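**Student:** Next input, structure requested:
(one chain, ligands or ions: 2)
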Amino acid sequence: MTSVARVAVAHADRMVVKVGSSSLTDKPTGLATDRLDALVEAISARRLSGRQVVLVSSGAIAAGLAPLRLRRRPRDLATQQAAASVGQSLLVHAYALSFARYGLTVGQVLLTAEDLIRRSHYRNAQRNLERLLDLGVVPIVNENDAVATAEIRFGDNDRLAALVAHVLHADALVLLSDVDGLYDGDPRRPGAQLVPQVAGADDLAGVQAGRSGSGVGTGGMASKVDAATVATSAGVHVVLASAPNAAAAMAGAQVGTWFTPTGRRLPTRLLWLKHASTPHGRLTLDAGAVAAVVERRLSLLSVGVTAVEGEFEAGDPVDVCDPAGHAVARGLVAYAADELPPLLGRATHDLSDRYRREVIHRDDLVLL
Ligand SMILES: Nc1ncnc2c1ncn2[C@@H]1O[C@H](COP(=O)(O)OP(=O)(O)O)[C@@H](O)[C@H]1O
Ligand SMILES: N[C@@H](CCC(=O)OP(=O)(O)O)C(=O)O
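**Tutor:** Residues are numbered from 1 along each chain as shown. Ligands and ions are numbered 1, 2, ... in the order given. Model (predicted):
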C-alpha cells in the first residue's frame, strides 16, 4: 500500500471505527472487558491527540446472551431484540467506565435504517452526532436492535459504519474484526493469503469473502467488503484489520487490508439511494432510453419506458432496468405506479401539462 493512503488515515481529522461482536465477547462469559479496554485505550489515545473518533460497536446481542442464559445467538427476532436490550446497556456501561479512565465521556446513538435512509431523519442523526463531537464526546453507535424489525434491520453494522462515515464526512473508516484482514479465501483454510491492498474491483476478482466464522458476528467478510466498497466509492479511505491491531491501523502502519478511494463524495441523498434504499418497484426501458440515462446521464422520459412493476408513490425509490431486466440505475420516481401505464411510450409533447415532467429527474438518478 502506498504511504499516501496510510498518511491519509494517520492524519484523518475525523475517523469512524467499527468493531465487531467477535472482538468484544468471549463465550460463555459474554463481554471480554480486557479486549474492550484495549480498544478503548487505542481510541482514547487518538481522541486525546485532538482527532475525532466515532465508534460503531456491535456486541449488544452477544453481550446479552450470558445474562439471559442463552447458549447461542437466538434465531427469532423477539429473542434477538430481548438479548440486544439487555446487552446494549451492559456494552455502553462497560464503554463508559473504560473511556472514563482517560477522562472521556461517551454518548450512545442507536440508529435504524430509516434514520439514515429518510432525508428528514438522517439530518437528525447527523445533527446529533456533530454536536456530540463538538462537545468532545465519543459517540458510540449501534443499530437499534430493540425496535428494528426484520425489514428495517441493517443486518450488519459494517454498512451502518460506512453510511455514518459518509454522513459525517469522515476521512477514514477502520473496520476491526477477529481476523487480521481480507484473505483471498476462508482464512481457516490452509494456503489462504492476506490481500494487503484493494484499489478497485479488479483486486477483488477471485477473492472468496464468506460468512462469519465466530457464531456471534452477523455480517462476515462479505459485508465488510460491501461496506468498504460503499465507503471508498464515496472517497473514504478504509482499513480492515484485527482489533488488537487497532492502534497500528489508526496510525497508518502496514497491517490489515487497505482499500483506497475509488470515487468522489456523492450527495448523501444519492448515497442512500444507491446503497441503503429498498426499491418499491421497477421500470423497464427500451435500449434508447438506457443509453440516454446510463451513457448521456439524461433524465428518464415516459417515451422510453416499456413496463412498470410494483406499488409505489411519487418520490419512492425504484429500479431502472434494461430490456433484459437488469437493474442499471435507481431513482426517485416522480409519479405513482398507477399514473404511469397510460404514459408509457408517449412523447412528452403529446401529454397534458400535468404529465410533462420527467419520470425520473437526472438529479434523482444513480447508476448501479
Ligand atoms: N476471505 C475472507 N477473509 C477474511 N475472513 C473471512 C473471509 N471469508 C470469511 N471470513 C470470516 O469472516 C469473519 C469475520 O466476520 P464476522 O465474524 O462477521 O466479524 P465481526 O464480528 O468482527 O463483524 C472472520 O473471522 C472469518 O472467519
Ligand atoms: N447490532 C448487532 C450487531 C450486528 C452486527 O453487524 O454484528 P457484527 O457482524 O459482529 O458486526 C449487535 O449489537 O449485536
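
**Student:** Domain-wise, how is the protein divided?
**Tutor:** For the chain, whose domains are defined here by automatic domain parsing, the residue ranges read 3-266, 279-367.

**Student:** Output the below-cut-off pLDDT ranges for the chain.
**Tutor:** Applying pLDDT under 70 to the chain flags residues 1-2, 28, 113-114, 117-120, 149-155, 211-219.

**Student:** residue closest to the middle of it?
**Tutor:** Geometric centre of the chain, nearest residue: Arg159, 1.9 Å, by Cα atoms, centre = their mean.

**Student:** Number of residues surrounding Asp350?
**Tutor:** Other residues near Asp350 come to 12 when the count uses other Cβ atoms under 10 Å. Where you see a C-beta, it was placed from the backbone N, CA and C, and this is true even at glycine.

**Student:** Strands along the stretch 201-350 of the chain, start to end?
**Tutor:** Under the criterion DSSP state E, counting those that start in this stretch, the stretch 201-350 of the chain contains strands at 237-242, 257-259, 281-285, 305-310, 317-321, 327-332.

**Student:** follow-up on the earlier one: if I pick the residue nearest to the centre of the chain, what's in contact with it?
**Tutor:** Each residue near Arg159 by Cβ atoms under 8 Å, 6 or more residues apart in numbering is listed here: Gly219, Ser223, Asp226, Ala227, Val230, His275, Ala276.

**Student:** Neighbour count added to those residues, as a markdown table?
**Tutor:** Shown next, in a markdown table, are the contacts of Arg159 (neighbours: other Cβ atoms under 10 Å):
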| residue | neighbour count |
| --- | --- |
| Gly219 | 25 |
| Ser223 | 23 |
| Asp226 | 17 |
| Ala227 | 27 |
| Val230 | 23 |
| His275 | 24 |
| Ala276 | 21 |
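
**Student:** Including distance to ligand 1, could those residues go into JSON lines?
**Tutor:** Putting those into JSON lines (distance: Cβ to the nearest ligand atom, whole Å) gives the following:
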{"residue": "Gly219", "distance to ligand 1": "4"}
{"residue": "Ser223", "distance to ligand 1": "7"}
{"residue": "Asp226", "distance to ligand 1": "12"}
{"residue": "Ala227", "distance to ligand 1": "10"}
{"residue": "Val230", "distance to ligand 1": "15"}
{"residue": "His275", "distance to ligand 1": "18"}
{"residue": "Ala276", "distance to ligand 1": "19"}
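
**Student:** Specify which member of the residues you listed is nearest to Val137.
**Tutor:** Ala227 (24.0 Å; Cβ to Cβ).

**Student:** Which one of the contacts of Arg159 is nearest to ligand 2?
**Tutor:** Within those, distances to ligand 2 taken as Cβ to the nearest ligand atom reach their minimum at Gly219, with 3.8 Å.

**Student:** Roughly how far does the closest residue to Ala337 other than its chain neighbours sit from Pro279?
**Tutor:** Closest residue to Ala337 apart from its sequence neighbours, by Cβ to Cβ, 6 or more residues apart in numbering: Phe312 at 5.0 Å. Using Cβ to Cβ, to the nearest Å, Phe312 is found at 8 Å from Pro279.

**Student:** more crowded one of these two?
**Tutor:** Between Phe312 and Pro279, Phe312 has the larger neighbour count (other Cβ under 10 Å), namely 22 against 18.

**Student:** Would you quantify the distance from the closest residue to Ala38 other than its chain neighbours to Asp178?
**Tutor:** The shortest distance from Ala38 to any non-neighbouring residue, by Cβ to Cβ, 6+ apart, is to Pro244 (6.9 Å). For Pro244, the distance to Asp178 (Cβ to Cβ) stands at 9 Å.

**Student:** Compare the two (neighbour count), which wins?
**Tutor:** In this comparison of Pro244 against Asp178, neighbours counted by other Cβ under 10 Å, the higher total goes to Asp178 at 20 against 16.

**Student:** separation between the residue nearest to that one when sequence neighbours are not counted and ligand 1?
**Tutor:** With Cβ to Cβ, 6+ apart as the criterion, Asp178 has its nearest non-adjacent residue at 4.1 Å, and that residue is Ser22. Going from Ser22 to ligand 1 by Cβ to the nearest ligand atom, to the nearest Å gives 4 Å.

**Student:** Which of the three states applies to Ser22?
**Tutor:** The three-state assignment at Ser22 reads helix, by DSSP: H, G, I helix; E, B strand; the rest coil.

**Student:** So for stretch 70-83, what gets flagged as buried?
**Tutor:** Residues Leu70, Arg73, Pro74, Thr79, Gln80, Gln81, Ala82, Ala83 are the ones in stretch 70-83 that count as buried (16 or more other Cβ atoms under 10 Å).

**Student:** What is the end-to-end distance of that stretch?
**Tutor:** Taking Cα to Cα, to the nearest Å, the span from the opening residue of stretch 70-83 to its closing residue is 9 Å.

**Student:** Tell me if that stretch is near ligand 1.
**Tutor:** No. On the criterion Cβ under 6 Å from any ligand atom, stretch 70-83 is out of touch with ligand 1, staying 11.0 Å away.

**Student:** still on that earlier bit, quick check: phi and psi on the residue nearest to the centre of the chain?
**Tutor:** Backbone dihedrals for Arg159, given as degrees, to the nearest 10, come out at phi -70, psi -40.

**Student:** how much space between it and ligand 1?
**Tutor:** In this view, Arg159 and ligand 1 are 11 Å apart by Cβ to the nearest ligand atom.

**Student:** Check Ala84 too.
**Tutor:** Counting by Cβ to the nearest ligand atom, the gap from Ala84 to ligand 1 is 15 Å.
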